[in-house]
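Engineer: Okay, predicted coordinates and the sequence, questions at the end:
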Amino acid sequence: MPDLRRTFYSYDITNPDDTVYSASANFSPDVRSGGRLYSSLLEHSFYGGADMSLPFQLFGHKQIFKFGFYEQVKLRTFNTTILGYVISNFSQFNDQVRDLPVSQIFDSSNIGPKGYVLRETYNPEDRYRATSNQTAGFMMFDNKFTDHWRLSWGVRVEQFGQELFTPYTGLDTTKKDTLLTRHIYIDVLPSINLIYSLNDNSNLRFSLSKTLSRPEFRELSRFRFYDYTSNATIEGNPDLRRTNIYNADLRYEIFQKFGQMFTVSAFFKYFVDPIEQTVDFTGPETRVKSFVNAKSAINYGFETEFRLKFSTIFRKPESVLLNSFLLTFNAAFIYSQVKFEDSLSFILPRPLQGQSPYVINSSLQYQHPEKGWGASIFYNIIGDRISEVGNDAAGKPNVIERNRNVIDLQLSKSISKKSDLKLTVSDILAEATQYYLEFRNQNNLRKTFIESKNAPTFTLSFSYKF
């Protein structure tokens, strides 16, 4: 973010005579008001890998053995400069300057003993350099035992190292940067996928696997960034650990020509040390968002998905018109629960942060087979979910993101074999984005917290393929 500026105005609603918005009176640089933040981020990523497949025969069927390796290195440097307008001299300051609009308040005529002075604030944790190195190798078998049974199984072994440094501020010039955090993990990630073919078009699939979720550099850094869109300060946590995820899935699937399909599945996930975004209400105008590891969590539920042409739905495969319409639908219903440390066992159960109880996506698409006209309408909704976790032990509320209906529309026309014209209207309903506070220690009392208006977005695009 090359240049972030913000000035905060307010007035005292408890004083009937105070009806004028005045800028904050700052005595030290503050990014939230009268401040300017300059930041730069430079990251280099290097990666490469190779794999080999070796086919062989067994049980009268073709088998495959595959192995390979992968290497990725990331180098990041992040720097900031933070300036702020502060009151130059409290005894001489002309307080009426604070009532000027933002376009005039920091004019050169207001810089001096009776106005403001520009100062810089320095915190070594506002700068960091970080590295990560991931080395992985894998081996797997794709075995077909009969015409109906197939087994894909294997293992991936990863070594992952991550370091983050902040500038050293001491007098000893021989010392290097201060190590803020270092993590080195070696993980074994097995996977097994068993498929039973009921016929040429349908399968029954069962899978087990272990996966990971690692914290990003930004989530580890102590750098405090003021996000004006959410009116909160965001700070990382260098003590974050990576998340281990154990997955199980049972799926029934049907495949048909023209990319049509139908699936229904049940799933289960177990998280060890899941990473959640938290919020701490440190004052009436101050919120600090950060990240912590919960002890564990579970997700389970079921999902269904299909892509079907109208000709299949109405059983008229010969109809050109019905073959031009495609209906897609995906819905998942999830139960989620977080487990806390034993010392916090008195806290009421709650869902995992960011996890909605349901997700629904659908679309209706039309494509003229000859004239190249196309039209699509998309619908999406997610259930209320925890945006930020409060502190139940201290009676601090969770921040909940309310569900909203989203409808998008797209019209397209193929002008030639190489060119297309598209008109997209996003978020036609433009329902407000709402967040509310949930006080779980007060019978789940809910209060509206943040509400932001939305508007449809219109995009006209032209593409040409050379």
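Structural biologist: Noted; the coordinates are in hand. Residues are numbered from 1 along each chain as shown.

Engineer: Pro55: what's its closest spatial neighbour, skipping adjacent residues?
Structural biologist: What sits nearest to Pro55 in space, not counting adjacent residues and going by C-beta to C-beta, 6 or more residues apart in numbering, is Ile64, at 5.4 Å. Every residue, glycine included, has its C-beta placed from N, CA and C.

Engineer: Test my guess that the one you found contacts Asp51.
Structural biologist: No - if you go by C-beta atoms under 8 Å, Ile64 and Asp51 don't touch, sitting 11.5 Å apart.

Engineer: Phi, psi for the residue nearest to Pro55 please.
Structural biologist: Phi and psi for Ile64, reported as degrees, to the nearest 10, are phi -140, psi 130.

Engineer: distance of it from Asp147?
Structural biologist: With distances taken as C-beta to C-beta, to the nearest Å, Ile64 is found 17 Å from Asp147.

Engineer: So for those two, which sits in the more crowded spot?
Structural biologist: Ile64 (14 against 9; other C-beta atoms under 10 Å).

Engineer: in stretch 364-371, what counts as buried?
Structural biologist: Within stretch 364-371, the residues that count as buried by 16 or more other C-beta atoms under 10 Å are Gln365, Gln367.

Engineer: how distant is that stretch from the center of its chain?
Structural biologist: 34 Å (C-alpha atoms, centre = their mean, to the nearest Å).

Engineer: Could you do stretch 191-198 as well?
Structural biologist: Offset of stretch 191-198 from its chain centre (C-alpha atoms, centre = their mean): 31 Å.

Engineer: Okay, and the beta partners of the residue nearest to Pro55?
Structural biologist: Beta-bridge pairing for Ile64 (DSSP bridges): Pro55, Asp142.

Engineer: and the helix or strand that contains Thr81, what does it pack onto?
Structural biologist: Taking DSSP states H and E as the criterion, Thr81 maps to strand 61-87. Packing partners of strand 61-87 (3 or more C-beta pairs under 8 Å, 6 or more residues apart in numbering; DSSP states H and E): strand 35-58, strand 116-121, strand 128-144.

Engineer: Of these, flag the one that's most buried.
Structural biologist: strand 128-144 (a mean of 18; mean count of other C-beta atoms under 10 Å).

Engineer: I'd like the average pLDDT over it.
Structural biologist: Per-residue pLDDT over strand 128-144 has a mean of 96.

Engineer: Measure how that strand sits relative to strand 61-87, angle-wise.
Structural biologist: 160 degrees (axes from the mean of the first three to the mean of the last three C-alpha atoms, to 10 degrees).

Engineer: After strand 128-144, which helix or strand is next? Please name it.
Structural biologist: Scanning forward in sequence from strand 128-144 by DSSP H and E, the next helix or strand is strand 149-166.

Engineer: so who does Ser221 touch?
Structural biologist: When contacts are counted by C-beta atoms under 8 Å, 6 or more residues apart in numbering, Ser221 touches Phe78, Glu125, Tyr128, Ala130, Leu164, Leu180, Gly236, Pro238.

Engineer: try 7 Å this time
Structural biologist: The neighbourhood of Ser221, defined by C-beta atoms under 7 Å, 6 or more residues apart in numbering, consists of Tyr128, Leu164, Gly236.

Engineer: swap in Thr81?
Structural biologist: Tyr38, Glu120.

Engineer: likewise Ile415?
Structural biologist: Here Ile415 is in contact with Leu421 (C-beta under 7 Å, 6+ apart).

Engineer: So it versus Lys422, what's the distance?
Structural biologist: 11 Å.

Engineer: what's near enough to touch Arg76?
Structural biologist: Contacts of Arg76 by C-beta under 7 Å, 6+ apart are Leu41, Glu43, Arg129, Ala130, Phe217.

Engineer: Can I get those in CSV including distance to Val272?
Structural biologist: Output for these, formatted as CSV (distance: C-beta to C-beta, whole Å):
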residue, distance to Val272
Leu41, 31
Glu43, 29
Arg129, 30
Ala130, 24
Phe217, 22
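
Engineer: ok, the residues you listed vs Arg440, which is closest?
Structural biologist: Arg440 lies nearest to Phe217 out of these, by C-beta to C-beta, at 32.6 Å.

Engineer: nearest spatial neighbour of that closest one, skipping sequence neighbours?
Structural biologist: Excluding the flanking residues, the one nearest Phe217 by C-beta to C-beta, 6+ apart is Ala130, at 4.6 Å.

Engineer: So that neighbour sits against Leu164, correct?
Structural biologist: Yes - counting by C-beta atoms under 7 Å, Ala130 touches Leu164, with 4.3 Å between them.

Engineer: hey, what's in contact with both of these two?
Structural biologist: Applying C-beta under 7 Å, 6+ apart, one finds that Ala130 and Leu164 are jointly contacted by Phe217.

Engineer: Okay, strands next: where are they in the stretch 251-400 of the chain?
Structural biologist: 261-272, 275-283, 286-293, 296-309, 325-339, 358-367, 373-382, 385-388, 398-401 (DSSP state E, counting those that start in this stretch).

Engineer: mind checking pLDDT for the residue nearest to the spatial centre of the chain?
Structural biologist: The residue lying closest to the centre of the chain (C-alpha atoms, centre = their mean) is Gly354, at 8.8 Å. Note on Gly354: pLDDT of 94.
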